[in-house]
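Trainee: show me the folded form of this:
(2 chains)
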Amino acid sequence: MNDTILEVKDLSFRYRGAKRKAFQHISFDVRKGEFFCIVGANGSGKSTLCNALVGLIPFYFEGRMKGDVFINGKNTKESSIAELSSEIGLVFQNPFNQLSYTAGTVEEELAYGLGNKGIPREEMKKRVAKVAKMMRIDHIINKNPLELSGGQVQRVAFGSTFIMEPEILVLDECTTQLDPLGSEEIFDIVKDLNKNGITVIMVDHDMERVARCANRILVLEDGNQVAIDTPEKIFGNPDMVAHQIDVPDYVSICQELKNRGLFKGEVEVEEEPTIQAVKEALKV
Amino acid sequence: MKIELKELRHVYPTGEEALKGISTVIEGTEPVAIIGQNGAGKTTLVKHFNGILRPSSGDVLLNGESIKTRSTAQWSKLVGYVFQNPDDQLFLDSVKREMEFGPRQVGMPEDKIAQRLKVISELCGLQDKLDMHPFDLTSTEKKFCTVASVVMMDPEVVIFDEPTCGQDVRGNERLSKIVQSLKDAGKLCITISHDMKFVVNNFERAIVLYKGKILLDGKMKDVFAQPDELSKTFVSPPPITRVAIGAELGETAFTIPEFMKAFDAKRGAAKHE
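Mentor: So this is what the prediction gives:
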């Protein structure tokens, strides 16, 4: 397929010294501009898979990797992390793991990756200002990253990834330090980026949010690929509960209406269509 | 257990007035959830319940005694606090030592420690991980390790700060079980949470804070029947409740059975018209 931007082929990985594989025989592709979500219980291999998508596996984490990841047709094994960073960027689950710990200010932290790539100074300044404004951290640009709140560090971590202008953004539960309002702000930015053609791969526990954003969902359980499909198909499948997937309540409401013969077709996965379905069912 | 808040005010050294006069009584074993947007004063409030923070004016009475009369270490026998970030709390080299540390500090008899260790490690899903280093645990297990070490102290009050943060389906189920079993044991659970689904399914009373004051305080159903007031502090009811409101079912539903009951009632009424 022409529009495939990322391809995973029979990928398995075991961390050095670990008793079992973090994940095994994972195969999927992500299309350019797609909003792709990865879900599963804690320990199902989601974060490790993210590390493999961006090349931290095999370059940074030690272990045994089998299979391949292709980004724009190029095998990650044959690239370097620096080359990959302008194509694919990862926002870590723990933002403190993402800080360089060499930058004295937020401004330097944001510019860190650009400096490594030899971007000219003027261009660097422009990009830093743009990203700082976008992430609403322009007022703390001269602060030391280590003096910030968890939510602020998360914004800096996000900014330092996005500033590289990657074609694919990988988000690994990237809003755990933020309150609902802060998370929504970040997700609005992500949705905007996606609308403008950036491919997004997101790991998240909030199934309501996943249902709202995703074009397709990959379900992992104990390192195995259980299913890959649209939100309606994934959440509409009664077996998903057995795979520890928390089905959005909108789906459960539609299922109940179905059981009473008051609803037909694919389940709804968002609030407004569910309200409409309930209103319709009241009239039947 | 009785916690009385009397015109509690707290002003930080920066001059920021985080609590602007809070008065209410928390009593018995009815689990209480404290909700509201970031900066509403939730964490500042609960840090007064064991004296981590001291009132700038007003008072907090624990079973009638002012919080000001004892140190936090002394209150910790009565009020346990589970931090949001496990790394702020864990510091020993095995789960077992972590769990035994607090009770030993307060002189709990060894046989009672051993007996509680067994029950609580099972409740928290750590029975097979007692010899592990806390830093080798997954983030979920770490959280339960902090819960376990607080519950080990056998306090009358357990305070949870954002317990569901980063938890998966099983972690949430386990938290519900822990809250229920603490209640059954006659303990008072207080939680700060942004997770409204967790709150409405496990807690009976909600105290909603807005800019350092109490906005709403009452039974969960009564509080969530006021979505417009809640939106002031950026609290949005859980999905089932929102759909029930949107479809004008006329009931504050928290569960699917409650929702369908309200649905059937409304549909039946419409048929009779």
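
Trainee: A:Glu272: how many residues sit nearby?
Mentor: Look at A:Glu272: counted by other C-beta atoms under 10 Å in any protein chain shown, it has 12 neighbours. In this view, the C-beta of every residue, glycine as well, is placed from N, C-alpha and C.

Trainee: that one: what secondary structure?
Mentor: Here A:Glu272 is recorded as helix under DSSP: H, G, I helix; E, B strand; the rest coil.

Trainee: just want the most central residue of the chain.
Mentor: The chain I'm using is chain A. A:Met202 (1.9 Å; C-alpha atoms, centre = their mean).

Trainee: oops, wrong one, chain B.
Mentor: B:Thr191 (1.2 Å).

Trainee: and it, what element?
Mentor: Using DSSP states H and E, B:Thr191 sits within strand B:188-192.

Trainee: rounded mean pLDDT for that strand, please.
Mentor: Averaging pLDDT along strand B:188-192 yields 97.

Trainee: how is chain B partitioned into domains?
Mentor: Split into domains by automatic domain parsing, chain B comes to B:2-236, B:238-273.

Trainee: output these as JSON lines; include the columns distance to chain A.
Mentor: What follows is the domains of chain B, written out as JSON lines (distance: least, C-beta to the nearest C-beta, whole Å):
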{"stretch": "domain B:2-236", "distance to chain A": "4"}
{"stretch": "domain B:238-273", "distance to chain A": "4"}
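
Trainee: among those domains, which is nearest A:Arg121?
Mentor: Proximity to A:Arg121 (C-beta to C-beta) singles out domain B:2-236 among those, at 36.2 Å.

Trainee: and that closest one, how far apart are its ends?
Mentor: Start to finish, the residues bounding domain B:2-236 are 29 Å apart (C-alpha to C-alpha, to the nearest Å).

Trainee: off-centre distance for it?
Mentor: Domain B:2-236 sits 4 Å away from the centroid of its parent chain (C-alpha atoms, centre = their mean, to the nearest Å).

Trainee: and B:Leu216, that one's in a strand?
Mentor: Yes - B:Leu216: assigned to a strand according to three-state DSSP.

Trainee: look at the nearest residue to it once chain neighbours are set aside and give its secondary structure.
Mentor: Residue nearest to B:Leu216 in three dimensions, not counting chain neighbours: B:Val208, with 4.1 Å by C-beta to C-beta, 6 or more residues apart in numbering or on different chains. Here B:Val208 is strand, with the state taken from three-state DSSP.

Trainee: which is the succeeding secondary structure element to the worst-scoring helix or strand of chain A on mean pLDDT?
Mentor: Ranking every helix and strand in chain A by mean pLDDT, DSSP states H and E puts helix A:81-84 at the bottom, with a mean of 85. With elements assigned by DSSP H and E, the helix or strand that comes after helix A:81-84 is strand A:88-91.

Trainee: keeping just the C-alphas, turn that next one into PDB.
Mentor: In PDB, the C-alpha atoms belonging to strand A:88-91 read as follows (Å, rounded to 0.1, in the frame of the first residue of the first chain):
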ATOM      1  CA  ILE A  88       9.100   9.600  14.500                       C
ATOM      2  CA  GLY A  89       9.000  11.100  18.000                       C
ATOM      3  CA  LEU A  90       8.000   9.600  21.300                       C
ATOM      4  CA  VAL A  91       6.500  11.400  24.300                       C
END
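
Trainee: that one packs against which elements?
Mentor: In terms of contacts (3 or more C-beta pairs under 8 Å, 6 or more residues apart in numbering or on different chains; DSSP states H and E), strand A:88-91 is packed against helix A:46-53, helix A:150-162, strand A:168-172.

Trainee: next, the angle from the second one to strand A:168-172.
Mentor: Orientation note: helix A:150-162 sits at an angle of 160 degrees relative to strand A:168-172 (axes from the mean of the first three to the mean of the last three C-alpha atoms, to 10 degrees).

Trainee: quick check, distance from helix A:150-162 to the centre of its chain.
Mentor: Going by C-alpha atoms, centre = their mean, the spacing between the C-alpha centre of helix A:150-162 and its chain's C-alpha centre is 14 Å.

Trainee: which residues does it contact?
Mentor: A:89-92, A:95-96, A:98-99, A:106, A:109-110, A:112-113, A:131-132, A:134-137, A:140, A:145, A:148, A:169, A:174-179, A:182, A:186, A:189, A:193, B:38, B:85 (C-beta atoms under 8 Å, 6 or more residues apart in numbering or on different chains).

Trainee: list the buried residues in it.
Mentor: Neighbour counts using 16 or more other C-beta atoms under 10 Å in any protein chain shown place A:151-162 of helix A:150-162 among the buried residues.

Trainee: next one: phi and psi at B:Thr252?
Mentor: Here is the backbone geometry of B:Thr252 (degrees, to the nearest 10): phi -90, psi 100.

Trainee: pull the contacting residues for it.
Mentor: By C-beta under 8 Å, 6+ apart, B:Thr252 lies in contact with B:221-222, B:224-225, B:241, B:244.

Trainee: try 10 Å
Mentor: By C-beta atoms under 10 Å, 6 or more residues apart in numbering or on different chains, the residues touching B:Thr252 are B:200, B:219-227, B:237, B:240-241, B:244-245, B:258, B:262.

Trainee: tally up the residues packed near the closest residue to A:Glu167 other than its chain neighbours, please.
Mentor: Leaving aside its sequence neighbours, A:Glu167 sits nearest to A:Glu87 (C-beta to C-beta, 6+ apart; 5.4 Å). Neighbourhood size, A:Glu87 [other C-beta under 10 Å]: 20.

Trainee: ok, A:Glu87 touching A:Lys32?
Mentor: No - shown here, A:Glu87 and A:Lys32 do not form a contact pair, counting by C-beta atoms under 10 Å, at 11.7 Å.

Trainee: intersection of neighbour lists for these two?
Mentor: A:5-6, A:72, A:167-168.

Trainee: what about the residue nearest to A:Arg14 when sequence neighbours are not counted, neighbour count?
Mentor: Nearest non-adjacent residue to A:Arg14, counting by C-beta to C-beta, 6+ apart: A:Lys21, 4.4 Å away. When neighbours are defined as other C-beta under 10 Å, A:Lys21 has 19 of them.

Trainee: do A:Arg64 as well
Mentor: Around A:Arg64 there are 12 residues (other C-beta under 10 Å).

Trainee: partners of the helix or strand that it is a member of, with directions?
Mentor: Assigned by DSSP H and E, A:Arg64 belongs to strand A:63-71. Within its sheet, strand A:63-71 is paired with strand A:4-15 (antiparallel), strand A:74-75 (antiparallel), according to DSSP bridges.

Trainee: just send the ones you listed back as JSON lines, with mean pLDDT too.
Mentor: Listed next are those as JSON lines, based on pLDDT from 0 to 100:
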{"stretch": "strand A:4-15", "mean pLDDT": "96"}
{"stretch": "strand A:74-75", "mean pLDDT": "94"}
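
Trainee: which residues of the stretch 1-150 of chain A lie near chain B?
Mentor: Listed as neighbours of chain B in the stretch 1-150 of chain A under the rule C-beta under 10 Å from any C-beta of the partner chain: A:39-44, A:47, A:93-94, A:96, A:149-150.

Trainee: quick one: which of those residues sit in strands?
Mentor: Among those, DSSP state E puts A:Val39 in strands.

Trainee: out of the residues of the stretch 1-150 of chain A next to chain B, who has the most neighbours?
Mentor: Neighbour-wise, these (other C-beta under 10 Å) top out at A:Val39, 28 neighbours.

Trainee: contact partners for it?
Mentor: A:46, A:202-207, A:210, A:214, A:217-221, A:226-227, A:234, A:240, A:243-246, B:168 are the contacts of A:Val39 under C-beta under 10 Å, 6+ apart.

Trainee: who is it paired with across the strands?
Mentor: Beta-bridge partners, per DSSP bridges, of A:Val39: A:Val219.

Trainee: the domain parsing of chain A - what is it?
Mentor: Using automatic domain parsing, chain A is parsed into the domains A:1-87+A:168-183+A:197-238, A:90-165, A:248-284.

Trainee: with distance to B:Gly21 as new columns, can those be given to me in a markdown table?
Mentor: As requested, those are exported to a markdown table (distance: least, C-beta to C-beta, whole Å):
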| stretch | distance to B:Gly21 |
| --- | --- |
| domain A:1-87+A:168-183+A:197-238 | 24 |
| domain A:90-165 | 26 |
| domain A:248-284 | 36 |
